[in-house]
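1. Here is the input, now give the coordinates:
(2 chains)
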Amino acid sequence: MTRGRLVWANLMRHKWRTLLTTASVAVAMFLFATLRSFGTTLDSLSQFGAANRMVVRHATAIVFPLQMSYVQRLATVEGVKGVSWANWFGGWYQDPKVFFANFAVDGPSFLALYPEIVVPEEQKQEWLRDRAGAVVGVDLMEKYGWRVGQNVVLNGTIFPGEWQFTIRATYTSKTRAFDQRSFMFHYAYLDERTNHQAQPGWFYLDIANGDDAPRIAATVDGLFKNSNAPTKTMTEQAFQASWMGMFGNVRTLMNAIGLAVVFAILLVTGNAMMMSARERTREVGTLKAIGFSDGTVGLIELAEAGSVALTGTLLGVGAATLLWKNIRVAAIEQFIPGFQVAANTMWISAAIALTLTLVSGLVPALRASRMSVVAALRTVE
Amino acid sequence: MKIPLIYNVRSIMQRPASTVMTAVSIGLVVAVFVAMLALATGFRAALAKTGSPDNVIVLRQGANDELSSGISRETARIIATFPHIAAGEDGLPLVSPEIYVLLNPDRKTGGIGNVVARGVDDRAFGVRKGVRIVAGRKFNSGASEVIIGQRIAERFVNMDIGDSLEFGGRKWAVVGHFASDGSGFESEVWGENEQFMPVFRGQVYQSVIFRLAPGAALDEVKRVMESDPRIQVSVRDEQDFYTSQSGILSTTLTIMAVFISTIMSVGAIFGAINTMYAAVASRSPEIAVMLTLGFRPRSVLASFLAEAGVISLIGGVLGCLFALPINGLATSTTNWQSFSEVAFAFRVTPGLLVAGVVFAVVMGLVGGFFPAWRAARLQVVQALR
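-> Okay, here's the model as predicted:
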């Protein structure tokens, strides 16, 4: 009998126990990977942002509007290649409780600034031609079963009334940090319908050189410091990251729960391993009596613990990775778009599997390798 | 005849390591369960306390939150003339027209927050009974001064007394910190409404709060005000209003608590099954003896279930002990419904602890059932061999 087969035979002795222990490791690691992904996804979202883009918002809070006249002055700042502007619309479709992002943008400059947002060329021209046209993310199209060319009515909250748009184009996003469930339409249309009372909520700056960002931020904020609407300018990445702070202590909370899960499972597995080792004390004596070395006997115990821990981890983390990669849960996506298991979570899980092996297998392994043949054989179960 | 419980207790004590491990793993599940529900409870409690049942909030007709509401000066004046409003000691009505905006101050830990700035009337301190200054003083009427809720004072920069905050194109001296029994107001910045009005949204208030006169009924006020042709308002009980704003988040937290602890409990139940199977296997001869002595299989089943119950009870109590220290721990999150930051404290209530222990015992009984079943069905002859 080879050593591998000995390990296998031991595992198969109590099929249920092996199955249950492996399954509980799998469940725990699934939970751990999922919980950790809240933090890592937030991190990757807060790193989203091209080096050449900056955002200008009102210094007090983003809910306060800026002024359209800023465009010309922003464009003259050295290092600024282009300016785009947008405003939050905050409308709802059919059900006021169902939220999706919808905002007004300056079409041509916005698309030029965001090469990550891909719109088929023909549709793009259609959209730019239609003042009341909208460009909609493919996920949102699918959710509502919309077609290109269809008219949809949004109910405004900030800008009251019913607003009819014609969907002229759809987009896909090349970065997971910009979701595919936004609804964008022409700022000019918003301005027209509100009797030219619309004011931009924020500006995007296209800058020539990312290293200039601090200087440009200081220059822009200096320009408007004493105006009615002072500004706060930051890189797109800083802008994104600042929103992530809104999640407060979510990350700490999730990580704490993840740790509790891992620790609980450590106890369950350790307990199971020790139990199965204790039952085999006499066999250890037999193995040693027929010539197995202390090291080999210990290694067999360790290998048993290792196969349970590794299989369980592989199943759990694998399931989490596949599940979150392929299934978009709307409830999560609306807060944290692009929710998925990060690569470093897999490495950490591998490390946990190793720890689990050592902690649950080491005690039985040492006990087995140190036990004398006589003592082992004398044991009564 | 029943097998005495002491048999199980002694058996458990025979194998302390495995008992402790199983109990602790059940305890951890219970701790997570209790902690997450304590988070939801604390959040709900903070918002529920924000309102007072004798207060009434008036918003623009159709507005669901203060941010999207608007009440003109004229409307506010008309509201103040209604006879249903309680009078203060000076005989004037207890009514506070308020400004409500969001600020984005910098966090001490980096990033920005969404903090409510509320411009209140001087009478607001009479309308809202629980609000009291804990450090410094109240803002002076006509001055560019603000007071800060004590829960956010330490979380954001420039919020200590003596600092000054810059927003709305002006500098505001921080002159005091205030408390309000842990309610949502403790996460807000308060200043005078007449000072906030010109720098924010122009000549409108967002809401009017008043104290209901003794004997006046909310339904009556609601009917009279909402049907008054001079004003277009919706009238709500203040406590109801703030409690309803906690709905989405506290539901999400509760669902998450149940989801996570259910998954975790699967692991803990496996642990209990393992432990109990091993206990049954190693005591087969004992069980056989008991059966031979005339104990019914039913009694054996009950006995092993009781044993699992005892282990899980220990686990449940341990879990509650793990979770207790978080009671009162302050945390904060964004209330997505009002888009503003709310700081609050975890609340471990006796009800949650009981729920935790019950959850533990259920896990134990589920995990103990099959092993106990096996014990009860043991073939005497085989087991004794």
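2. what residues does the stretch 51-200 of chain B put near chain A?
-> Selection of the stretch 51-200 of chain B residues close to chain A by C-beta under 8 Å from any C-beta of the partner chain yields B:67-68, B:101-104, B:107, B:109-114, B:166-169, B:200. Every residue, glycine included, has its C-beta placed from N, CA and C.
3. one more time with 6 Å
-> B:Leu102, B:Leu103, B:Asn104, B:Arg107, B:Gly111, B:Ile112, B:Phe167, B:Gly168 (C-beta under 6 Å from any C-beta of the partner chain).
4. okay if I get those residues as CSV plus secondary structure, pLDDT and neighbour count?
-> Shown next, in CSV, are these (DSSP: H, G, I helix; E, B strand; the rest coil; pLDDT from 0 to 100; neighbours: other C-beta atoms under 10 Å in any protein chain shown):
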residue, secondary structure, pLDDT, neighbour count
B:Leu102, strand, 82, 19
B:Leu103, strand, 83, 22
B:Asn104, coil, 80, 22
B:Arg107, strand, 81, 19
B:Gly111, coil, 72, 18
B:Ile112, strand, 74, 23
B:Phe167, strand, 80, 25
B:Gly168, coil, 75, 23
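5. hmm, which two among those residues are most spread apart?
-> For these, the farthest-apart pair by C-beta to C-beta is B:Gly111 and B:Gly168; their separation is 21.3 Å.
6. and the gap between A:Val55 and chain B?
-> From A:Val55 over to chain B the distance is 12 Å, taken as C-beta to the nearest C-beta, to the nearest Å.
7. does that residue count as helix, strand or coil?
-> Three-state call for A:Val55 (DSSP: H, G, I helix; E, B strand; the rest coil): strand.
8. For it, grab the count of nearby residues.
-> By other C-beta atoms under 10 Å in any protein chain shown, the residues close to A:Val55 number 23.
9. Please name the bridge partners of it.
-> Using DSSP bridges, the beta-bridge partners of A:Val55 come out as A:Tyr204, A:Met234.
10. Check B:Gly149 too.
-> The partner residues for B:Gly149, given DSSP bridges, come to B:Phe178.
11. Please look at it and B:Gly184 and confirm they touch.
-> No. Counting by C-beta atoms under 6 Å, B:Gly184 is not a contact partner of B:Gly149; they are 8.5 Å apart.
12. how about the helices of chain B, start to end?
-> Remark: helices assigned in chain B by DSSP state H are B:5-14, B:16-50, B:73-80, B:124-127, B:150-153, B:193-199, B:218-227, B:238-244, B:247-282, B:284-292, B:297-323, B:350-376, B:380-384.
13. Which of these sits closest to A:Ala351?
-> A:Ala351 sits nearest to helix B:247-282 of all the helices of chain B, at 19.3 Å, using C-beta to C-beta.
14. Would you mind measuring from the closest residue to chain A within the stretch 1-150 of chain B to B:Thr334?
-> For the stretch 1-150 of chain B, the residue closest to chain A is B:Gly111, as judged by C-beta to the nearest C-beta, at 2.8 Å. Going from B:Gly111 to B:Thr334 by C-beta to C-beta, to the nearest Å gives 12 Å.
15. go on, A:Val152?
-> Between A:Val152 and B:Thr334 the computed distance is 29 Å (C-beta to C-beta).
16. neighbour-wise, which of the two wins?
-> B:Thr334 (20 against 16).
17. which residues of the stretch 251-381 of chain A score low on pLDDT?
-> Low-confidence segments of the stretch 251-381 of chain A, defined by pLDDT under 70: A:330-331, A:333-335, A:379-381.
18. who in it is up against chain B?
-> Applying C-beta under 6 Å from any C-beta, we find that the stretch 251-381 of chain A lies next to chain B at A:Ile257, A:Ala260, A:Val261, A:Ala264, A:Ile265, A:Leu267, A:Val268, A:Asn271, A:Ala272, A:Met275.
19. most surrounded residue in those residues?
-> A:Ile265 (33 neighbours).
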